[in-house]
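Trainee: Sequence first, then the predicted structure, then my questions.
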Amino acid sequence: MDYKPLDKEFYNTDTLTLARMLLGNIIVNHTPQGFTAGMIVETEAYLQNDPACHAFRGKTKRNAVMFGPAGHAYVYFVYGNHYCFNIVGNKEGIGEAVLIRALEPLDGLELMFRRRRKADKITDLTNGPGKLAEAMAIGREHNGLPLIEGSLFVARGWSFPSSAIVCAPRIGIKKATEKEWRYYLQGNPFVSKTYHTRGG
DNA sequence: CAAGAGATTCTC
DNA sequence: AGAATCTCTTGC
């Protein structure tokens, strides 16, 4: 309950390392309705020199925040329905970010259930990027905001040994699918659904 | 200005 | 397996 934001230095690392270090830490969002919190259990890294990255072809209006300072929120809208919440990595001028793919709910579960009317189990609240954005009420108003202060922030949680962290190919993309830049806590029931690889 | 793609979710 | 549904980006 006593959540304090991680400081700026936490984000002073390369984006692949940041994606692993974020696992076990806690996303907190305060709203007029109440607050919600969840532990990060699954992330994906998107690098500048990476065809799957929004910033691969340079800065645009949409991805501009990715080129800003690390530790800020990059929130974008996809498929006409969902928001995806990312944490900007690397230095200013380099367009990289970590997608938060799944959380383990810690606080404000009742509020999460109200926001996610389709969910009837705890494991359906935040086990996917669009789902957790809805449960945590993260939207376009958070795009570009620093996560070291304010109503939406990342708090220190737990650290896990690297033996508990699984690397795997990223989900839902068509380019650079060979990169294993998806990280999750092994055996955690809130990790988003894993898809079978088609033949091989 | 039109078309297409898209870091998803839900339902059939 | 396919629909829903919006915004940005790109191409003509």
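Mentor: Right, received. Where do you want to start?

Trainee: can you map out the strands along chain A?
Mentor: Shown for chain A, the strands assigned by DSSP state E span residues A:26-31, A:34-46, A:73-78, A:82-88, A:97-107, A:152-155, A:165-168, A:182-185.

Trainee: any idea of the angle the fifth one forms with strand A:73-78?
Mentor: In this case it means strand A:97-107. Relative orientation of strand A:97-107 versus strand A:73-78 (axes from the mean of the first three to the mean of the last three C-alpha atoms, to 10 degrees): 100 degrees.

Trainee: can strand A:97-107 be found next to DNA strand B?
Mentor: Yes: interface with DNA strand B: strand A:97-107 contributes A:97, A:99 (C-beta under 7 Å from any atom of the strand). Quick note: C-beta positions are derived from backbone N, CA and C, even for glycine.

Trainee: strand partners of that strand, parallel vs antiparallel please.
Mentor: Strand pairing for strand A:97-107, using DSSP bridges, gives strand A:34-46 (antiparallel), strand A:82-88 (antiparallel).

Trainee: next one: the first one to chain centre, how far?
Mentor: When you say that, I think you mean strand A:34-46. Counting by C-alpha atoms, centre = their mean, to the nearest Å, strand A:34-46 is centred 5 Å from the centre of its parent chain.

Trainee: try the shortest one
Mentor: Here strand A:82-88 shows a centroid-to-chain-centroid distance of 6 Å under the convention C-alpha atoms, centre = their mean.

Trainee: Which residues does it contact?
Mentor: Under the contact criterion C-beta atoms under 8 Å, 6 or more residues apart in numbering, strand A:82-88 has outside partners A:11, A:18, A:22, A:27, A:46, A:65-66, A:68-78, A:96-100, A:129-130, A:132-134, A:136, A:138-140, A:142, A:147, A:154.

Trainee: if we go to 6 Å?
Mentor: For strand A:82-88, the surrounding residues in contact (C-beta atoms under 6 Å, 6 or more residues apart in numbering) are A:66, A:70, A:72, A:74-78, A:97-100, A:129-130, A:133, A:138-139.
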